[in-house]
Structure formats: C-alpha cells, structure tokens
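Trainee: Here is the input, now give the coordinates:
(2 chains)
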Amino acid sequence: MLYDIRLKLSYRYQGLVAGSRHQLRVAPRSIDGIQRVFSLSIDLDPWPAEQSAFTDFFGNAVTAFANRDPHDRLNVTMAARVEVTRPEPSLDVSADLAGLAADVAASHSLTPHSPHHFLHQGSYTPQTEEMTAYARECAEGGASVLALADRLCRRIRDEFHYDGTATTVTTTAAEAFAGKSGVCQDFSHVMIAALRGLGVPAGYVSGCLRTEPPEGEDRLEGADAMHAWVRVWCGRESGWQEFDPTNGIPASSDHITIGYGRDYGDVTPILGMLKTAGDQASRQAVDVIPVG
Amino acid sequence: MPTVNDDDIPLLKGYRPLDGAADEMVDGTGALRPVWQHFMKEIGRLGPDEIAARARRADQYLNDAGVYYRFYDQAGSRERDWPLAHLPLLIGETEWRIIADGLCQRADLLEQIVADIYGPNRLVEQRLLPPELIAANPEYLRPVAGHIPLGGNFLHFCAFELGRGPDGRWWVLSDRTQAPSGIGFALENRVATTKAFSDIYNRLHVHRLAGFHRRFRDALTRLAGSQDLTAILTPGPFNETYYEQAYIARYLGISLLEGEDLIVTDGQVKVRTVSGLQPVNVLWRRLDAGFADPLELDQDSQIGTPGLVEAVRNRSVHVVNALGSGVLEMRALLAFLPRIARALSGQPLKLPSIATWWCGQDAERDHVLAHFDKMMIGPALSARMPFEDPDNTVLGGRLAAPDKAAWHHKLKSDGPGFVGQESVRLSTAPVFTNGRLEPRPVTLRVFLARTPDGWAVMHGGFARIGQTLDASAIAMQRGGRAADVWIVSDSPVEQETLLETGEAAFVRRLPGTLPSQAAENLTWLGRYTERLEGTTRTLRAWHVRLAEREDPDAPLLALVRDHLAALEVDIADPVPGRLADYIDRAVITAGNVRSRFSPDGWLALRDLSKTIHQLSATVEAGDDATRAMTVVLRKLAGFSGLVHENMYRFTGWRFLEIGRRLERAIHMTRTLALFTQEDMPVGAWDMLLEIADSTMTHRRQYESQLNRLTLIDLLALDPNNPRSVMFQLDTLRTEIAALPVPANTDRHQRLQRHVLKLHTDLQILEPGDVTGAFLATLQDGLEALYDSLAQTYY
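Mentor: A predicted model of the protein is given here:
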C-alpha cells in the first residue's frame, strides 16, 4: 500500500521563548520487508539557528534543531511518501514461555533488536503483579508466545475503554491498568508491562494508522492522529511480531512505522527544552492518504 | 588476640583488636607493625591530654576553613562539620606499591571493558558478560552507545574503595568511575592532620599529595589545550560534596560551572559569560551522567545542559569521565572481572575484588543460598558499596528466620536482580577516643588519574573509619569519620606543592571570564546584604525611640512602622523574619559562587546568619532590639570590610559592588522620600540622619539648623557622602563602565546610557528641585537599571 503522509505539530507560546532546543522523531523509517520511504521532507517554522540529523540507538531518524532568537510559535511539518508491504501473519511457530526463556538466554547480543533491551521495567512500564497476572491468564494451556500476545492484545481492546480524557502523556501502564481506560499509548504500555512481567520481550512502536472515513462521508483533513502499538519478541524462530491493542489486531499494512523504542520515552515525537515563563498551546494533525 | 604490651607506650595499653579481623597498627602477636613504630612512639610521648589538645587544633582549622559536607536525613539536608578522625592511617611504601600497581592494572581493565560495552560488545558475545546486566542498567546510556569519546578514552579519573581482609590482603570493595569525590577532602584531611601533628609528620618520610593534583590538572589542561578551557561541572550547592568541588576548583585554578552556565551551539559546548559565549573543551563532571542533558538523558533533570550529549557525539568536548562510565560501578561486574581480566590480558587481577556472585546464574545463586549466613546480599546493579547501603543490602547471618525465608524466595524468583558478596571482616585502625586508643573498622579510597605517562596514583587517600566496631556503620552519613592516609617511606620523599613546580606556564595569571550566572549571584549577594543593612538601620532607629518610652503609636513611629510594613517587615517582631530571610538569601547566593569567594568572607557571612537566627529567638523590643541591631550592623561591617579589602578587583567584584550600590541608592531614595514629605512629625529629620548614618557629617557640614534642604543636599546630592544617592550613582557609573563589553553591544550601550541619565538627572538639580515626585521617578529608574543590567549580562 502506498501512502502520502503529512504530520503537523504546532505550538503557540504565551510570551516569547528566548531560546529552545528540540529533537523530533516524526519521520517514517525504511524497514526491510515491511516499509519503504520514497520521499521525506521536514519543514520547520521559524527557521532554526541550527539543525542536524542523526540515527538513535534503536535506529530511529532524529532531527535536532535549536532556535536562539525570541519566538512565539513552532510549526513542524513532515511529509513523506511511504509504501507498506507488511506480510500476512504466517504459521505460528513461536515458542512457549519456557522455550522463549531459553531463546532469550541464548541471545548474547546488545544490538538494537536484541530482546534484552525490552525485558525490564521503565518509568512508563513498571511491573505489577496485577498486570503480570492479567497476561498470565492469556497464557493458559501452554500457549505459544504469539498466541499469548494475540489474546492479550484482543483482551485489552475488549476490556479497556478508549478515553482521551482519562490519561495524559505521562500516565504509566500501572495507572492506565487501574482505570482500564486511556488511549493507544496507554494500551501499548499496559501490554508491554504485562508481557515483560512474564519474561516476554516487548517494545513500543510509534507511527500512523490509515483510517477509513465513515461510509458515504469524505475524509476530513487532519483527522488522523499519531498511533502507537506493540512489538513482541516471539523467540528466535518467529522474531519480532507487532500487535495493535487499541484495535485488537496484528499490525497490518495500514500501520505506518515511525519509531521503535522500549516505551513512549524513547520515541516521543517532539522533545523540547525552552526558556520561557508562559504556557503553551499545541495542536497535532495527521493525514494518511492512500495513493492510487 | 593478645593485647598490646609495649611498655614504652602506655597509650597502647588495653588496645584490643577484634578476633578474626586484621588490625592496621598491631600484628597477630600484638606487636606494633614496623610502619607504626616511629609514629606511635611520638604519639605516645605526647600523652592523652596533649593529643586531645592537638586534635582540637585540627578541628579548629576545619571549622575556620568552613569545611563541611551535606548530610541527609528525614528532616531534609543540612550542613555538617567535617568529622575528622585525627590519627592518620599509616601504610608502608612497599605495601603501597602493590596497591598502586594492582589499581593501575584495574583501571586499564575497566577502560577496556567500558570501551567494549559502548563499542563492539565482544565481552557479551564471548559470554564473559551477561547482556541483561548491561541492558537493565540505568547507567548504560544508549544515546552514547557506539560513540567513542574524543581522545579515545572513557576514564580519566577513578577511585577505588579498598578494605583489608582477615588474611592481611587488600581487596577492592568498589570501583568508582562515575564522578568520584574525595580528592579535595583528602587535601583538607591532610592539612588538618598536619596542624595537629606537624612535628611528627615532618620527622616521618610521608609522601606529599600535591604532586598528584598537579599532574591531573596538567593532564586536563593538555586535553583542553589551555587551563581556561577546563571546568568542573557541578550539580550545584545542594550536592553532598559541593564544598569539595568549590575547594578543588579554587585549588586547581579552574572554573566551577553548573549546567545552567553552559549552552550548546552548533554542537559545541560554550559558557555563558558576561563577555559573551566562551568555548570550553574539558568538563570534569561531578554530576551523575543522567543529569547532564535533559533532552537525551534524564528528562526531569533541572541541572543539565540540553545538547550536551550531541556535543559528545560530535566529539567536540572531553567529558571526564565519559558519559556512561558509571555502568562500571555496578556490584555484579565484580563477579565477572577475574574471567574478563584473564581473557583480555592473560593476567589474573593483581588485587582481588571482594568475592561476588551474581544470582542470575544458577550455580552462583545456589552458592549464595548455601552460604547465606556469610553473605551480604544486595541489588546487582547498585553502585553503592555494600558497607554503606543499609537500606538495600542485608547481612544474611543477621536476618531473622522469616526474613531469611523471604530473601531465599526473592533470590529464587528474581535471581538476576541480586548479588551475594562475601561478608568479610574489615581490618581495624586505631582512633583516639576518650583519652585512649580504640580499634575501628576502616576502608580506604585511592585515586588514580590518567596522564600522558599512564595512570598517576595519589600517594595517600581518604580513609573512612566506622563509628562502632560494626563495619556496616562506616558511612559518614551514619556517623563514620574521615582520616588522612600517610604513605610512609624509609627514605626522604619529594617535597612539592601545587605551585612550587617551576612550571609557570601552568599557573593561572588571570582569572577567567565570569559566567553569567555567577555574575547574577554576586549582584544579588550585594543587594541582599545591603538590603539587610538598610532595614536593620531603620529598625534600630525605631527601637531606640521605643526604648526612650515613646508610644509605638506616636505619629513618627507609626509612620515608620507603616513604611516597613509596606516592605513586608513586621515591626511587632523585634527581629523581623525578613532579616533572617535576607541573610538566608545572601548565604544561598554566596553559596552558589563559593569558588569565587574568599573563605573568610564566607565564614563572616555564615557567622552573621547564625547570629541573626539566634537573635530572632531571644530578643525583646526596645533596648534589647537596639543592641541586637547594633551587633548585626557590626558583623555586617565586618563582612563588607572583608569583601572590600580582600576581594580581587575583577569582574566578579564589580557585580557585587554594583548590587550593593544599587540597593543602597534605592534604600536612600525611598527613605528620603518618606522623611521629606510635608508636615513631618517632630524628630523625623533626626531619625532620617540616624538611619543614613550621617548625623555627625551634618553637624560638621552645615552651619544652619537641620532643614529639608540641608537633608536633601547631604543625602541626595553630596558626592562626598558615601551614603548619598549621588555617591552611589557615581560608583555605579564607574563600575558599569568598567564591565566587560558583552556580545550584544547594543544592550551594553543602553545600560550605559541608562545609568548616565539617572546620574545626570540628579546632578543638575538644586536641593529645592528634589521633590517627592522626582524621588519616586528616580526609584523606578534605579529598579529599571537592574533589569537593564540583567538583560545585558545574565
């Protein structure tokens, strides 16, 4: 599937910002066998005093920039043409939990995709007995890791309430789990924390999702939002598989990948340090338009 | 173990080392070890009273020098006097060589390990290091993984914590590679200890410390290309060891900077100074890496520099030690060092580590469980020494049965999270207490610095001595004490100090440029102390009149009461809380710039603070308050005198002076406006002269009676009265003109025009022209002058 993707982040500052430094993680990445980026542009307003690009530990494309003159706004526009050809889920050859533990132990690596990075708790993903038990219930009958992840993913979709007002950008998995509500970021954190509690390596994926307008209606511009889902290491044979707990499905060719990380903290779309006293208002708009 | 029976030295009678532990001073037969013989004979000759007197001399020095460390408890953090155990720890030169040699090998090994962890990861691949210990370690900093530091080395300055086991061998208890503290305190320990025992020190051949500091500074200077491009990066005045950081910065002649002082532009680290942005090439960091950059490391850090990690990746700055080096401090690494040493160099470790088993491996965990009672069990990734981690580390043998069962369960369910370490008995060293010698457990911190000729080892160290015989109470936070370490040679040693090297090129001739933040702090220090003086003078004048049995509601007293109330000074309180407020703020701002401040000035300020806080508790209104205010004013004058007489007239002093003059001008303008209104109560003009400390001058200057015009002439327009507004504006003009020209020359010109206008506006007036409205405008102009100064320089 070929897409034109446009992402706009805008900030209005109350009072002037004397200086700022930001890092952006908004550009889709090319991933062998899943996704190809044909064109990409990032526009910044105001024009920054300095700008550079680098690839972070997990292979994500980062744009770093700084403004030194007083400014009252920041607008980021990312446009990309991306082809997603995610293979259909194949036969489940993944290990069970014991087999997975052996596969993890046999992995002597710290490369960015090594399962070892994705096993420990983080500030967004504290482990709790409740969440671990929640995941364990999905492992009954000696399920394979793939089946376990699939069940957990659907269970979260079924039992959690999508509510944009229930959580914030800093909500932890444990908090979202307690309220059984939140948004894609929270559902992903819950799934990650629950799986890690069982020793299953799990990571966070940020990206965009193609959405269909209601029957008979036109697509509204900017109606889409950034999305998040989960990748699960299912053992040496099956490797990383991706699940979308917000929609209760495996990731498909509707899922366009921007970044990989351990949790939201690793792939925050925009991180900034500003010198300002005032408040700020922000807006985010995403368009995912299928081409042809 | 037999007691010491050396009849020549009565002091040794009754000194009873522990069974099962080595003692530094006496051997297994109770005889003095050779390296202690000469020292103890001399000490013994002094007798208990003289030793106590000399110990007080050392404490007096520490007190005078203002040495402290920050102490944390449930009530928050407080400053504590430096707890010196007065007798040094003696180590013979031969034994020292073994330690030094072993630590140099270890430092090289750690460098290889950290380079591999952030580089090719061969140790993980070859199964010499479990990947989960790295991946789970919060000190493993992914943003710098794959990036080799500028210059190629991660480690430049390391410390090692050692203990001596019952078999007499030294063991490494802990590797300190993050941001080790102690070399400044080691110097202070040395100075204090030699204050007490200089005669003995000079008769023994004790290695000097300064050579090490000089070599390290030279190494940093060489990395930076110049001493001016080297700085210590501090977490700030609320850090436990800020005193030491300020001390060592002064001692080595390099700047002490906070994250706020730095800015990264185009991948290069610069210092915000009053002369614009200045580059910096070497940051000797004393803050933990996580705090260094809120953009890429700990996002909650308030003390970091956004972009620092990017500068590191750009290889444009040396960070000493490299960000990420803290990963080496985890306890679990000790379990893998012996194998890694053999694999990397073919050599065994020359100095063993404390025996450590990581419970992430089945056989090792089973060993820990089987020998549970002889183990210290704690977090695998902890960077703390097992002996100073009472909250998280347990002694297996001391646990009650149910706790033991709980720990067994923990080790089985979450083995990888824990290590077991052999619970060795540390050796003991003598401390002098209650007129006699007692053995106490001791650990030794040794420092190594990378130089172009290899690792330099400080010939000495920092010993910590437990408060009780229990080794778990050795931490200073728990009552432990610090001791000097004397490395004793059989033959004369090289005498050197930091400056007596003949290498004039390395001695700083000019102070570096002043960081903007320091300039701001110095200005406020000037303002707060002056504000304290102005308020205190007004209060004293008020209480003098109250003491003369005036009615507090009489018109004049009521007027001044309301005036003070508008400044949030409550006269009902004999020593109003505002005074304590001002001095507290002065102390905080002074604390922020301690490395730029004379120790005497600092002590005077702290003494003043203590006085004000004490007075607030006891003083009563009237006479008592009058006397109290006089005491405060006298001590303030002492402080101002020290600043005026002793502070080098460089940029920092100018900012302090500007702050002071500005505040005095504002105070005088405001007070003058109050007292020169129409229809003033009787005695008001006398009171004004008293507040302005100009009664005598007035009497001398004017033949006429006191009147409104003579007052205005003397207190507003007279350029020769150091209390007048004109005098302050004269000084402000001169000092502002002498400030460095910052990058933004427009602002600088605006500032100069601003002060010139205020000065001229006043200069052209006759006393009769100085109206209340004019004074109000002048006061606004003075307040705005500060804003203009701040915009130009901070």
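Trainee: Longest strand in the chain, by number of residues?
Mentor: All of this is about chain A. strand A:2-17 (DSSP state E).
Trainee: nope, chain B
Mentor: strand B:436-451.
Trainee: Find the nearest non-adjacent residue to whatever residue of the stretch 601-750 of chain B ends up closest to chain A, please.
Mentor: The minimum distance from the stretch 601-750 of chain B to chain A, using Cβ to the nearest Cβ, falls at residue B:743 (11.6 Å). Quick note: C-beta positions are derived from backbone N, CA and C, even for glycine. Among residues not flanking residue B:743 along the chain, residue B:276 sits closest, at 3.4 Å (Cβ to Cβ, 6 or more residues apart in numbering or on different chains).
Trainee: now the one you found: how far from residue A:234?
Mentor: Here the criterion is Cβ to Cβ, to the nearest Å. By it, residue B:276 lies 57 Å from residue A:234.
Trainee: of the two, who's got more company?
Mentor: residue A:234 (26 against 16; other Cβ atoms under 10 Å in any protein chain shown).
Trainee: That one is in contact with residue A:143, isn't it?
Mentor: No - look at residue A:234 against residue A:143 with Cβ atoms under 8 Å: they stay out of range, at 11.3 Å.
Trainee: Chain B contacts on chain A?
Mentor: A:19, A:21, A:23, A:49-50, A:52, A:54, A:56-58, A:64, A:66, A:68, A:107-111, A:114, A:116-117, A:119-120, A:265, A:271-273 (Cβ under 8 Å from any Cβ of the partner chain).
Trainee: Isn't residue A:56 up against residue B:143?
Mentor: Yes - using Cβ under 8 Å as the test, residue A:56 is close enough to residue B:143 to be in contact (7.0 Å).
Trainee: so is the residue in the stretch 151-292 of chain A positioned nearest to chain B in a helix, a strand, or just coil?
Mentor: In the stretch 151-292 of chain A, the residue that lies nearest chain B is residue A:273 (4.0 Å; Cβ to the nearest Cβ). The three-state label given to residue A:273 by DSSP: H, G, I helix; E, B strand; the rest coil is strand.
Trainee: any idea how far residue A:134 is from chain B?
Mentor: Distance, residue A:134 to chain B, using Cβ to the nearest Cβ, to the nearest Å: 18 Å.
Trainee: any idea which element that residue lies in?
Mentor: helix A:129-136 (DSSP states H and E).
Trainee: Could you do residue B:211 as well?
Mentor: With DSSP H and E as criterion, residue B:211 is part of helix B:210-224.
Trainee: Show me which residues of that helix are buried.
Mentor: Neighbour-count burial for helix B:210-224, counted by 16 or more other Cβ atoms under 10 Å in any protein chain shown, picks out B:210-221, B:223-224.
Trainee: Please name every helix or strand in contact with it.
Mentor: The helices and strands touching helix B:210-224, judged by 3 or more Cβ pairs under 8 Å, 6 or more residues apart in numbering or on different chains; DSSP states H and E, are helix B:183-203, strand B:230-234, helix B:242-252, strand B:282-285, strand B:318-320, strand B:436-451, strand B:454-457.
Trainee: lowest-confidence stretch among these?
Mentor: Mean pLDDT values for the helices and strands packed on helix B:210-224 show the minimum at helix B:242-252, a mean of 87.
Trainee: Could you look up the next helix or strand downstream of that one?
Mentor: strand B:255-258.
Trainee: pretty sure the residue of the stretch 601-750 of chain B closest to chain A contacts residue B:277?
Mentor: Yes - using Cβ under 8 Å, residue B:743 is in contact with residue B:277, at 6.8 Å.
Trainee: ok so, going back, so what's the residue nearest to residue B:743 up against?
Mentor: B:742-744 (Cβ atoms under 8 Å, 6 or more residues apart in numbering or on different chains).
Trainee: One more: residue B:246?
Mentor: With contact set as Cβ under 8 Å, 6+ apart, residue B:246 has these partners: B:234, B:256, B:594-595.
Trainee: how about the helices in the stretch 51-200 of chain B?
Mentor: B:93-117, B:122-125, B:131-135, B:183-203 (DSSP state H, counting those that start in this stretch).
Trainee: Which residue, other than its chain neighbours, is closest to residue 147?
Mentor: You didn't pick a chain, so chain A it is. Nearest to residue A:147 is residue A:92, by Cβ to Cβ, 6+ apart, at 6.3 Å.
Trainee: um, chain B though
Mentor: residue B:313 (5.0 Å).
Trainee: so who does the one you found touch?
Mentor: Per Cβ under 8 Å, 6+ apart, neighbours of residue B:313: A:54, B:143-144, B:147.
Trainee: try 10 Å
Mentor: A:52, A:54, B:143-144, B:146-147, B:149, B:267, B:296, B:323 (Cβ atoms under 10 Å, 6 or more residues apart in numbering or on different chains).
Trainee: Now go through those residues and say which are in strands.
Mentor: Per DSSP E, the contacts of residue B:313 map to strands at A:52, A:54.
Trainee: ok, of the contacts of residue B:313, which come out buried?
Mentor: In the contacts of residue B:313, the ones that pass as buried (16+ other Cβ under 10 Å) are B:143-144, B:147, B:149, B:267, B:296, B:323.
Trainee: tell me the domain ranges of the chain?
Mentor: Picking chain A for this. Here the domain parsing of chain A from automatic domain parsing is A:2-85+A:269-290, A:97-265.
Trainee: that's the other chain; I wanted chain B
Mentor: B:89-331+B:425-497, B:355-422, B:515-587+B:599-637, B:648-794.
Trainee: among these, which is nearest residue A:194?
Mentor: Comparing the domains of chain B by their distance to residue A:194 (Cβ to Cβ), the top pick is domain B:355-422, with 17.2 Å.
Trainee: for the stretch 601-750 of chain B, what spans make up the helices?
Mentor: Going by DSSP H, counting those that start in this stretch, the stretch 601-750 of chain B shows helices at B:623-646, B:651-675, B:684-691, B:695-701, B:708-712, B:725-738, B:745-763.
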